[in-house]
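J.: sequence plus the predicted model coming up.
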Amino acid sequence: MKNGYKLLICSVILLLSSTTVKASEKHWEFAGWYGGGCFPNLAFDLQNKGRVYLTSDVAGIWRSDDLGDHWHFITNGLGQLTVSQVAVAPSDSNVLYAATGGGIFVSKDAGNSWESTDTMGKSITFKRPDNYRPIAIDSQDSNKLCVGTEKGKIFCSNDAGGQWRDIDPNRQFFSDKKPIVALNFDGQNKLMVASDKGLSQCLLDENVCNALNNGPVEVTDFLFSKKTPNSLYVAGDIKLWISKDSGASWSQSEAIPKGKIYRISVDETGDKPVIRVIWNKDWTGGVLLTTDEGQTWEEQDKNLQPDSFSNPTYVWQTKGGKSTSIQIDPFDPNVIFRTDWWGVWRSDDGGATWNEKVVGAPNTVANDILVKSNQDIYVASMDNGLLKSSDGGKKYECFFPQKYSTSTAGHAWRVIPSGNNIIGTSSPWNEIVDQLVISKDDGKTFDLIRSGLPDKRPYNNTMWGQGYPRALAIDPNNPDTIYLGIDGDDGGGLFVSNNKGFTWQRSQGQPDSLRVYHGLAVDPTDSNRIVWGAGGSRAGIYISNDKGKTFQNAMKNIWVFNIIVGPDGAIYVGGAQSGPVLYISNTDKQSFHLLKHFDDKIGDAIDGMAINPSDPKMIAVSTVSWSAKAPCKFYLSHDAGQSWEVINGDLPDGAGASAMTFDPNGQYLYIARYAGSVYKMALQ
């Protein structure tokens with residue numbers, strides 16, 4: 001990672017021992033894979049050849065200075081990581097505006113640092129990919145811009161977002177709660193707006209907007225001609241609409257052969273415009289080309305070359321699925337980028353062939369991580385499944401799923417060892433069930449296990465609208481016994497297996513709250529003791545001293561997200577209680593006291609937690625933001641939680657870690673980022 005893109009370094013909270021490396025010197029090495037998530041948008045720098053910006057739905061923004069061959073995070077100061085668009089000011093390409101779920105952020109140094117702008121009482125927010133081009137910047141003044149929000153409001157500023165004015169305060173012209181799709185200035189001090197009303201033209205000096213008559217109604221993108229300013233190209237349902245008189249009259253193309261037109265790009269360097277459109281239908285999509293304004297269409301999806309080394313999920317995932325954007329290099333019309341819900345693709349020959357370009361752009365939510373004694377790494381992730389690396393994180397292979405099916409493709413939540421077996425939990429996209437995945441040969445093959453589990457996913461009193469198998473714990477003294485937590489009052493709860501996970505039954509006893517996340521652990525000093533942590537109206541810590549037959553409430557009023565137990569039986573509970581907190585059990589192991597209330601204004605809770613197996617006094621925790629805020633912090637203690645240091649070091653700003661672990665030798669700390677894949681830090 002280049003020095004120019006390092007994070008602001010957090011200072012050490014308390015004095016460390018003389019052998020401890022200072023927090024400012026903490027170095028993190030990337031140890032994951034790339035791609036594998038939604039890339040909503042991409043933007044070229046019009047003044048610097050090869051410079052491109054790429055947005056993420058969960059991880060922020062990347063920049064490339066070599067036309068996408070290598071990306072690097074530019075999230076320093078970017079306080080919200082769900083990004084619909086990065087817009088480059090035409091008059092000064094150092095000035096960028098990012099439309100995020102938390103408002104507009106501005107950069108004056110090409111993304112090296114960001115600052116937030118006024119949010120108008122949180123009215124200025126954006127949703128990917130519905131707000132596709134929601135930022136319009138004046139061609140002569142980089143401080144002058146207008147933005148269209150996810151709730152259908154349009155705000156304009158003359159001072160780079162310091163102050164805004166609502167151009168439709170009485171909601172006369174645009175629907176409340178429906179997103180503005182795209183904005184652009186027409187070069188004549190008028191603002192063209194695409195919304196659920198179709199296309200509208202706004203006179204900013206008068207705060208008046210008028211719908212264009214007889215034009216397309218369902219608009220998902222539009223562009224002005226660069227050669228003839230009065231010409232418009234519009235994506236309208238199954239046809240391309242073209243106006244050559246600023247919308248006074250329209251011509252329509254022939255219907256595209258499949259799907260609906262979602263995005264458009266226009267190359268006007270030749271005698272005739274070369275128009276490419278993104279089409280989508282359900283979860284499929286592609287590119288179509290026309291050189292006669294849509295009278296005929298040609299497919300441009302015959303040769304897509306995925307980067308299976310950097311993004312190993314292509315053993316089962318369809319290449320070139322639902323697409324999100326298409327952009328043409330301003331310096332070379334033969335160079336075209338397209339993005340989709342899984343990767344980023346570049347064509348150097350006008351769309352005849354496409355190569356995936358995701359190196360440096362990790363875009364997955366990692367849920368759990370396991371490092372075995374032979375240093376093999378196993379990671380459970382949303383959408384990407386279960387992955388394995390046998391070389392310290394340089395290369396991954398996908399061992400679940402190994403081919404696409406409706407029962408395998410989906411989210412993987414947890415991964416743990418059970419003797420020689422690897423056990424994971426899974427929720428497929430297309431079947432509303434929860435299941436386990438068991439491999440008896442280190443990931444070469446697997447069995448799907450549903451026996452004894454609910455026949456459908458719970459819905460009542462759940463964390464994320466549905467009940468998922470996110471809590472998993474093995475009895476350290478008897479690997480045949482495994483416990484599973486699924487949230488939801490209508491069928492969820494604690495489940496027990498006594499045969500290494502192959503069959504299950506619901507526990508005889510259940511805690512009062514079943515709204516569980518990662519909060520499940522077994523005491524290694526007493527296998528009878530099971531600790532359960534929950535959220536919701538009955539949030540708290542619940543303890544069973546009889547292997548789940550009965551539970552007692554040990555503490556109320558803490559929303560628990562994770563629980564770990566040390567080799568001495570000390571129980572650490574991470575969660576939220578007016579901010580991120582960490583509790584520890586008292587000597588009776590039945591009651592708790594506050595160990596640390598973390599002064600972190602960004603993180604919502606403590607989730608990722610780990611104890612060093614070679615030094616039980618070394619504990620690592622992470623704050624996490626469920627609303628994609630950044631930067632969350634990582635903490636390390638050398639004295640069982642009495643003092644802490646911030647160890648973010650040179651990590652890109654992110655939303656924290658959903659899981660952490662030390663390798664069995666205690667030489668590395670690994671983190672599974674809530675967004676952004678896997679990193680590791682050497683402890684010596």
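T.: Happy to help now that I have it. What you are looking at is a predicted structure, and each value in this text was computed from that prediction instead of being measured. Numbers count the residues shown, from 1 in each chain.
J.: which parts of stretch 387-404 are buried?
T.: Using 16 or more other C-beta atoms under 10 Å as the burial criterion, the residues of stretch 387-404 that qualify are 387-390, 393, 396-402. No exception for glycine: its C-beta is placed from N, CA and C like everyone else's.
J.: now secondary structure, distance to residue 167 and pLDDT too, for these, in a markdown table please.
T.: Shown next, in a markdown table, are the buried residues of stretch 387-404 (DSSP: H, G, I helix; E, B strand; the rest coil; distance: C-beta to C-beta, whole Å; pLDDT from 0 to 100):
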| residue | secondary structure | distance to residue 167 | pLDDT |
| --- | --- | --- | --- |
| 387 | strand | 48 | 96 |
| 388 | strand | 53 | 96 |
| 389 | strand | 52 | 97 |
| 390 | coil | 57 | 95 |
| 393 | coil | 50 | 96 |
| 396 | coil | 49 | 97 |
| 397 | strand | 53 | 96 |
| 398 | strand | 49 | 94 |
| 399 | strand | 53 | 91 |
| 400 | strand | 51 | 95 |
| 401 | coil | 49 | 95 |
| 402 | coil | 53 | 92 |
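J.: which one of those is nearest to residue 548?
T.: Proximity of the buried residues of stretch 387-404 to residue 548 (C-beta to C-beta) peaks at residue 400, which lies at 27.7 Å.
J.: so what's the closest one closest to, chain neighbours aside?
T.: residue 386 (4.0 Å; C-beta to C-beta, 6 or more residues apart in numbering).
J.: which other helices and strands contact the helix or strand that neighbour falls within?
T.: Assessed by DSSP states H and E, residue 386 sits inside strand 385-389. The contact analysis (3 or more C-beta pairs under 8 Å, 6 or more residues apart in numbering; DSSP states H and E) places strand 385-389 against strand 377-381, strand 397-400, strand 410-418, strand 421-428.
J.: looking at these, which is closest to residue 463?
T.: Residue 463 lies closest, by C-beta to C-beta, to one member of the helices and strands packed on strand 385-389: strand 410-418, at 11.4 Å.
J.: and that closest one, what's buried?
T.: Those would be 410-416, 418, for strand 410-418 by 16+ other C-beta under 10 Å.
J.: for these, which one is nearest residue 91?
T.: The shortest approach to residue 91 among the buried residues of strand 410-418 belongs to residue 411, at 44.3 Å (C-beta to C-beta).
J.: contacts only, for the closest one.
T.: 367, 381-383, 426-429, 468 (C-beta atoms under 8 Å, 6 or more residues apart in numbering).
J.: now do residue 606
T.: Residue 606 makes contacts with 561-562, 574-576, 580-582, 598, 621-624, as judged by C-beta under 8 Å, 6+ apart.
J.: so what's it bridging to?
T.: With DSSP bridges as the criterion, residue 606 is bridged to residue 623.
J.: residue 103 now?
T.: The partner list for residue 103 in beta bridges (DSSP bridges) reads residue 100.
J.: what is the neighbour count of it?
T.: Other residues within reach of residue 103, judged by other C-beta atoms under 10 Å, total 22.
J.: also the one 10 residues further on?
T.: Burial of residue 113 is recorded as 18 neighbouring residues (other C-beta under 10 Å).
J.: residue 85 now?
T.: Neighbour count of residue 85, defined by other C-beta under 10 Å: 26.
J.: now do the contacts for it.
T.: By C-beta under 8 Å, 6+ apart, the contact set of residue 85 is 40-41, 43, 55, 98-99, 126, 131-135.
J.: that's a strand at it, yeah?
T.: Yes: counting by DSSP: H, G, I helix; E, B strand; the rest coil, residue 85 is found in a strand.
J.: please point out which parts of the helix-or-strand element of the chain with minimal mean pLDDT sit buried.
T.: Ranked by mean pLDDT, DSSP states H and E, the weakest helix or strand in the chain is strand 208-211, scoring a mean of 90. Residues 209, 211 are the ones in strand 208-211 that count as buried (16+ other C-beta under 10 Å).
J.: what do you get for stretch 366-386?
T.: In terms of neighbour count (16+ other C-beta under 10 Å), stretch 366-386 has its buried residues at 366-371, 375-386.
J.: before we move on, the earlier item: so which of the buried residues of strand 410-418 comes closest to residue 611?
T.: Taking the buried residues of strand 410-418 together and measuring to residue 611 by C-beta to C-beta, the closest member is residue 416, at 15.0 Å.
J.: can I assume that closest one is in contact with residue 475?
T.: No: checked against C-beta atoms under 8 Å, the pair residue 416 and residue 475 is beyond contact range at 11.3 Å.
J.: what touches both of these two?
T.: Shared contacts of residue 416 and residue 475 (C-beta under 8 Å, 6+ apart): residue 482.
J.: who's in contact with residue 337?
T.: Remark: with contacts taken as C-beta under 8 Å, 6+ apart, residue 337 is in contact with 42, 52, 68, 325-327, 329, 344-347, 357.
J.: one more time with 6 Å, if that's ok
T.: If you count contacts by C-beta atoms under 6 Å, 6 or more residues apart in numbering, residue 337 has them with 42, 327, 346.
J.: re the thing from before, which one of the contacts of residue 411 sits closest to residue 440?
T.: Proximity of the contacts of residue 411 to residue 440 (C-beta to C-beta) peaks at residue 426, which lies at 16.6 Å.
J.: what's the end-to-end length of stretch 263-273?
T.: End-to-end distance for stretch 263-273, by C-alpha to C-alpha, to the nearest Å: 16 Å.
J.: chain center to that stretch, what's the gap?
T.: Stretch 263-273 sits 33 Å away from the centroid of its parent chain (C-alpha atoms, centre = their mean, to the nearest Å).
J.: list of residues touching that stretch?
T.: Residues outside stretch 263-273 that contact it (C-beta under 6 Å, 6+ apart): 221, 223, 226-227, 233, 235, 274-278, 291, 325-326, 328, 333.
J.: if you set the cut-off to 7 Å instead, what comes out?
T.: With C-beta atoms under 7 Å, 6 or more residues apart in numbering as the test, stretch 263-273 has contacts from 220-221, 223, 225-227, 233, 235, 274-278, 291, 325-328, 333.
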